[in-house]
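Enquirer: Give me the fold of what follows.
(2 chains)
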Amino acid sequence: MTTATTATTTSVSLAVRDVHLAFGANKVLRGASLDVARGGTACVIGPSGSGKSTLLRTVNRLIEPDAGDVLLDGRSVLGDDPDALRQRIGMVFQQFNLFPHMTVLGNITLALRKLKKLGEEEAVRVAREQLELVGLAAKADSRPGHLSGGQQQRVAIARALALRPEVMLFDEATSALDPELVKGVLGVMADLSAAGMTMVVVTHEMGFAREVADTVAFMDRGVVLEAGEPAAVFERPEHPRLRQFLSQVL
Amino acid sequence: MDPLSTLWETFFDWDSMREALPEMLTVGLPNTLILALSAALLGSVLGLLLAVAGISRTRWLRWPARVYTDVFRGLPAAATILLIGVGLAPFGMQVWGPNPYPLGILALSLIAAAYIGEIFRAGIQSVEAAQLEGARALGFSWGEAMRLVIVPQGVRRVLPAWVNQLIALIKDSSLVYFLGLLASQRELFRIGQDYAANTGNQSALLLAGLCYLALTVPLTHAVNAIDRRLRQGRAVTVAEEDDGGLAVAGSTALPPAAPTRKEP
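Expert: Predicted structure coming up:
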């Protein structure tokens, strides 16, 4: 796998502070906090329904938290224009969320043309460059529906990276993939991490968390119960619920 | 003359048909197309606005769209055309002079918009919420996401129903004859009817009917072809190398809603 990015010099640190969120009576987040150093990679693990994906969405404010704060490089972003904020934060989804009515190239150039205001030629150049980096230059003119899940996810990563984000969020990026396609996507993500992108990765891939993450955060019932270096979290888990979780997934 | 050949001559009097044909093709056909296509264009634009208003989170947009749709779908087309075409005629006279076409097209458009609005709304609402989330995550505003990502997909999904509406418009365009047409303004139906009245047999009207069928039958088949294509997607150019070559089978510029999404 090729190196996934060249533009990570603009990475920022990320902090989520005591975030609360309720949907009606359902308290999804109950004071969740997370710190990611500039250029660091945090993997968020935990049982389904623990609020991992919701926490991720409060970072780029696809969901607005009820209370708490989100900081990039120490500065709160909750007062920023959400659309501008989301251009700084790339996000990759479990189901890729590529636009099926556009070609692969069109998927990537859309935001470059409409948001970054690049000319058609320049947008195509940037898009092709990103596709090259995820190993899919040959698929530029295909429709997403004609690609495998793994290829689609790599296109989704290229689409997010083309906007030169300062942080990347991955929401179970490999959970919808057939097992044999997982490796290629994880490879791209590992390259990106190594290149110095600040990343938050919600994942069930414990091997990836152990090898790539600087921080592993265990979430349960809306809070981060335990966070630390992978070795500490996996080898010397302190909280009983983390021990129980690890005994079930490892 | 025996009853059977009388009946035959009522419908298949070739001389009457031959007499009506030139005017049918040079006057009637263009006028029918002008009416139907202008109304289709205006009706689609209005319909799209209605569809977006209909799914708005603002009730001041949603309710008027709802009421409009109920009213214009609920009235007989003939009544709407007369109400607008005759009712607004004094106003139209000042703007366009004594030409019934603008008001006729307006009435047809308003009726079509009610139906097309519902068609578009259904299509837009069928697009998965994940598409909106994907667009918003890139930094697009709600409006941009709708315009660039959601609406194009939604409209594409309901093209067959939209073409059906075109067919209805071609037929309904005959109703503008209520508004009184100059000789040069007559559309297919009116020309057929005039010749039928003059010759005392229905052959010219039958010819007009054949002209309508020549327009509508190909469109019905186009609907089926589009529908098939949307269901099956275009032929898959199989992905070679990479990822074990497990290109997604069969689909799709337009994935069916939920089920395929779990296992790409």
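Enquirer: and stretch A:192-205, is it in reach of chain B?
Expert: No. Residues of stretch A:192-205 contacting chain B under C-beta under 8 Å from any C-beta of the partner chain: none, with a closest distance of 13.4 Å. (C-beta placed from N, C-alpha, C; glycine too.)
Enquirer: what's around the residue of the stretch 1-150 of chain B found nearest chain A, how many residues?
Expert: Using C-beta to the nearest C-beta, B:Gly134 is the residue of the stretch 1-150 of chain B that sits closest to chain A, at 3.0 Å. When neighbours are defined as other C-beta atoms under 10 Å in any protein chain shown, B:Gly134 has 25 of them.
Enquirer: What helices and strands are in contact with the helix or strand hosting it?
Expert: Per DSSP states H and E: B:Gly134 is located in helix B:129-138. If contacts are counted by 3 or more C-beta pairs under 8 Å, 6 or more residues apart in numbering or on different chains; DSSP states H and E, helix B:129-138 sits against helix A:82-88, helix A:149-161, helix B:142-145.
Enquirer: And these: which comes nearest B:Leu83?
Expert: Nearest to B:Leu83, of all the helices and strands packed on helix B:129-138, is helix B:142-145, at 34.6 Å by C-beta to C-beta.
Enquirer: sorry, back to before: could you list the buried residues of the helix holding B:Gly134?
Expert: Within helix B:129-138, the residues scored as buried using 16 or more other C-beta atoms under 10 Å in any protein chain shown are B:Gln131, B:Leu132, B:Glu133, B:Gly134, B:Ala135, B:Arg136, B:Ala137, B:Leu138.
Enquirer: out of those residues, which one sits closest to B:Leu207?
Expert: Using C-beta to C-beta, B:Gln131 comes nearest to B:Leu207 of those, at 48.7 Å.
Enquirer: Can you name the residues that contact that closest one?
Expert: A:Asn97, A:Phe99, B:Val149, B:Ile150, B:Gln153 (C-beta atoms under 8 Å, 6 or more residues apart in numbering or on different chains).
Enquirer: With distance to B:Asp227, pLDDT and neighbour count added, can I get those in TSV?
Expert: Rendered in TSV, the data for these read as follows (distance: C-beta to C-beta, whole Å; pLDDT from 0 to 100; neighbours: other C-beta atoms under 10 Å in any protein chain shown):
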residue	distance to B:Asp227	pLDDT	neighbour count
A:Asn97	26	96	27
A:Phe99	22	96	24
B:Val149	23	96	25
B:Ile150	21	95	23
B:Gln153	16	93	21
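Enquirer: Low-confidence stretches in chain B?
Expert: B:1, B:232-264 (pLDDT under 70).
Enquirer: Tell me where the longest helix sits in it.
Expert: The longest helix of chain B (DSSP state H) is helix B:203-232.
Enquirer: same deal with chain A?
Expert: helix A:179-194.
Enquirer: I'd like the average pLDDT over it.
Expert: Here helix A:179-194 scores 94 as its mean pLDDT.
Enquirer: where does residue 162 fall, phi/psi-wise?
Expert: No chain in the question, so chain A it is. Note on A:Ala162: its backbone torsions stand at phi -60, psi -30 [degrees, to the nearest 10].
Enquirer: Can you tell me how far it is from A:Ile108?
Expert: 5 Å (C-beta to C-beta, to the nearest Å).
Enquirer: What of B:Gly200?
Expert: For B:Gly200 relative to A:Ile108 (C-beta to C-beta), the value is 69 Å.
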